[in-house]
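# need a structure here:
(2 chains)
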Amino acid sequence: GAVVSQHPSWVICKSGTSVKIECRSLDFQATTMFWYRQFPKQSLMLMATSNEGSKATYEQGVEKDKFLINHASLTLSTLTVTSAHPEDSSFYICSALRDYYGYTFGSGTRLTVV
Amino acid sequence: QKEVEQNSGPLSVPEGAIASLNCTYSDRGSQSFFWYRQYSGKSPELIMFIYSNGDKEDGRFTAQLNKASQYVSLLIRDSQPSDSATYLCAVKTSYDKVIFGPGTSLSVIP
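Predicted coordinates for the structure are as follows:
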């Protein structure tokens, strides 16, 4: 099946530092990837849509200067949380569409900012 | 009105029973509908997707779609304790975004 590899699976960082999360489509090309955030006991909230070779589209209320998204190739999209603060601690998940398999998710990254 | 709503849980059913999960959506132009299962601390995994009105069956799972009523459901037959998880309804809207519902927590009691 379609596989999206996401890493790191968990990361702890100090407040004020930046963290990069990578998502790779392993057996297909992903023109578009989606980035979600999930707080405990809540559903997935779409943060942004990442398109290969163009600027990401951010959802209302998501700071584009804080959550930098780069989709430089058809198999790699990255999300960088800049100047992280404790309130950014969350579960971040990427997703890509693969024909027939539907939207496939990465394994998620649990970010803890201390 | 939220874009995707699900029946509030938690939902508890005895082992072997049928679990029924419901979802409604607001964008009438939506074309694709998905059901995901998410275990605590894990990423969602796709169970079913459905595009056409009617029923779609896959093993113990049946998805039902009624576009006129803007309603999609998931039935789980012969529920097992391993089915205990949060079930997320997702809708691909007419503006090409996949929006998730809040999820319904299902508990299957042995």
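
# what does chain B have sitting close to chain A?
B:32, B:34, B:36, B:41-46, B:49, B:88, B:90, B:97-103 (Cβ under 8 Å from any Cβ of the partner chain). In short, each C-beta sits where N, CA and C put it, glycine included.

# Please narrow those residues to those residing in strands.
B:32, B:34, B:36, B:45, B:46, B:49, B:88, B:90, B:98, B:99, B:100 (DSSP state E).

# Show me the two of these that sit farthest apart.
B:45 and B:99 (18.2 Å; Cβ to Cβ).

# Give me the more crowded residue out of these two.
Shown here are residue B:45 and residue B:99; by other Cβ atoms under 10 Å in any protein chain shown, residue B:99 has more neighbours (21 against 13).

# which residues touch the more buried one?
Residues in contact with residue B:99 (Cβ atoms under 8 Å, 6 or more residues apart in numbering or on different chains) are A:46, B:3, B:4, B:25, B:90, B:91, B:93.

# Kindly report the same for residue A:113.
If you count contacts by Cβ under 8 Å, 6+ apart, then residue A:113 has A:12, A:13, A:14, A:15, A:84, A:85, A:86, A:87, A:88, A:89 around it.

# Let me see the backbone angles for the residue nearest to residue B:102 when sequence neighbours are not counted.
Distances taken as Cβ to Cβ, 6 or more residues apart in numbering or on different chains place residue A:43 nearest to residue B:102, at 4.6 Å, with adjacent residues excluded. The phi and psi values for residue A:43, taken as degrees, to the nearest 10, are phi -80, psi 180.
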